[in-house]
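Peer 1: any chance you could fold what I've pasted below:
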Amino acid sequence: MMQSKVKESAMVSPYLLFFLIHGSQTGIGVLRFQSTIIKGAEQDAWVSVLGVGLSLHILFLMILHIIRNSSQGDIISFHTDTFGKIIGSILNIILSLYFLSSGLIVVHSYIEILQIWVFDGIPSWEFSLVICVLLYYIVSGGFRLITGIAFWGLIIPSFLWFSIFYIMRFANLTFIMPFFNHGLKDYLLSAKESGFNYLGFESVLVYFPFIKNGMKESKWGQFGLLYTTIITLLIVFVSFTFFSQGKMAHLSWPTLSMIKVIQFPFLERFEFIFLFTWLLVIFPVISINVWSSVRIFKKTFRRLKPTFVLIFILFGYYLFNSNVVDTVQEQRLNTLVSTSGIIFIYLYIPFLFIISFIKSKIGNRKTSEVAETEM
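Peer 2: Have a look, this model is predicted:
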């Protein structure tokens, strides 16, 4: 049964789970996922996006069941409780590397965007150094600071959504017609491509003990998932009515291409404001992933100091983002993270849920037998 050992002073209010869930999902993928999801269902890809978004609510319920049947309220203890110390530690290390890779691809992609759209010619190591220094300050500040970043990472950039009303002036509804004229295989392909955009919420498996009354107030997590789905669907509809399918397939960053049409008398390049503000959006994603990785190492290897682990991780981030400029390598990492994420949430989480369900049934049976014996 779950027994959180986190000090109450380190916990955060339940409603902040909404910001943590949404903040861990909304990152770089929002700026480019439209050109990949059309590979299957084309203009009907929104159906796949909706289907994937709704499926996450079921997966979240599975996660809650897994957490409820862990000794310390997280996947780290569930691994060691279920598979033993050695195998559990190996699984924890693999999970930590997954979170590291997820954060790394976001940092690398954002640096790439800055170099292409804003600062052409400035070397990657400068951007990498600044981001890593900021990450050290945020992550070393603890989970409450990360939660604050997730909160303001949603509130402050909210004004950017008003740009949708400007873009809708150019909407062409014929681009999303006809409806429902694709087969199941096409919808599944688009669902697979859209899955990357929803990844990140699985980090709740690590930080859930830091949520006050998390089990009783888990509805805030469901609200966060729903909000992400609504925002993603809105972006899909706006994009699909702005670009034709042929045009969309050749765009690397569809969202930024739309933003370029926004101009004001006092501001010609609105996408600059958009990109710099988007830094507040991606920092929660990176921070939560890095913090999750550090915490896994901390709980798996008790003698390791979290500060040293954090410095080592950020040094690796700095080296990778300063030296890897090969597009092929970046695509391989992107594919690896995306595929690993899909496998993790749609195969591994249900697998752990089945084990958790069996453990709970066995535990309840033993409890009832003991109670009958004592009567």
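Peer 1: who does the helix or strand hosting residue 287 touch, helix- and strand-wise?
Peer 2: Assessed by DSSP states H and E, residue 287 sits inside helix 270-300. Other elements packing on helix 270-300 under the criterion 3 or more C-beta pairs under 8 Å, 6 or more residues apart in numbering; DSSP states H and E are helix 16-25, helix 75-83, helix 85-117, helix 124-140, helix 143-155, helix 204-207, helix 254-259, helix 306-323. C-beta coordinates here come from the backbone N, C-alpha and C atoms, glycine included.
Peer 1: packing partners for the helix or strand following the fifth one?
Peer 2: The first helix or strand that comes after helix 143-155 along the chain, using DSSP H and E, is helix 163-167. Helices and strands touching helix 163-167, as assessed by 3+ C-beta pairs under 8 Å, 6+ apart, comprise helix 219-242, helix 254-259.
Peer 1: the shortest one: how far from the chain's middle?
Peer 2: In terms of C-alpha atoms, centre = their mean, to the nearest Å, the gap separating the centre of helix 254-259 from the centre of its chain is 21 Å.
Peer 1: mind listing what residue 44 touches?
Peer 2: 179, 180, 181, 182, 186, 187, 190 (C-beta atoms under 8 Å, 6 or more residues apart in numbering).
Peer 1: in a helix, it, correct?
Peer 2: Yes. Assigned with DSSP: H, G, I helix; E, B strand; the rest coil, residue 44 falls within a helix.
Peer 1: where does it land on pLDDT?
Peer 2: The confidence metric pLDDT takes the value 86 at residue 44.
Peer 1: before we move on, the earlier item: got a PyMOL select line for the buried ones in the contacts of residue 44?
Peer 2: Buried subset of those, written as a PyMOL selection, criterion 16 or more other C-beta atoms under 10 Å:
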select buried, resi 182+186+187+190
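Peer 1: average pLDDT for stretch 210-229?
Peer 2: Averaged across stretch 210-229, the pLDDT comes to 92.
Peer 1: so how far is that stretch off the chain centroid?
Peer 2: 15 Å.
Peer 1: ok, stretch 80-97 next?
Peer 2: 22 Å.
Peer 1: buried sites along that stretch?
Peer 2: Buried residues in stretch 80-97, defined by neighbour count with 16+ other C-beta under 10 Å: 80, 82, 88, 89, 91, 92, 95, 96.
Peer 1: skipping adjacent residues, who's closest to the residue nearest the centre of the chain in space?
Peer 2: For the chain, the residue nearest the mean C-alpha position is residue 200 (2.1 Å; C-alpha atoms, centre = their mean). Excluding its sequence neighbours, the residue lying closest to residue 200 (C-beta to C-beta, 6 or more residues apart in numbering) is residue 24, at 3.7 Å.
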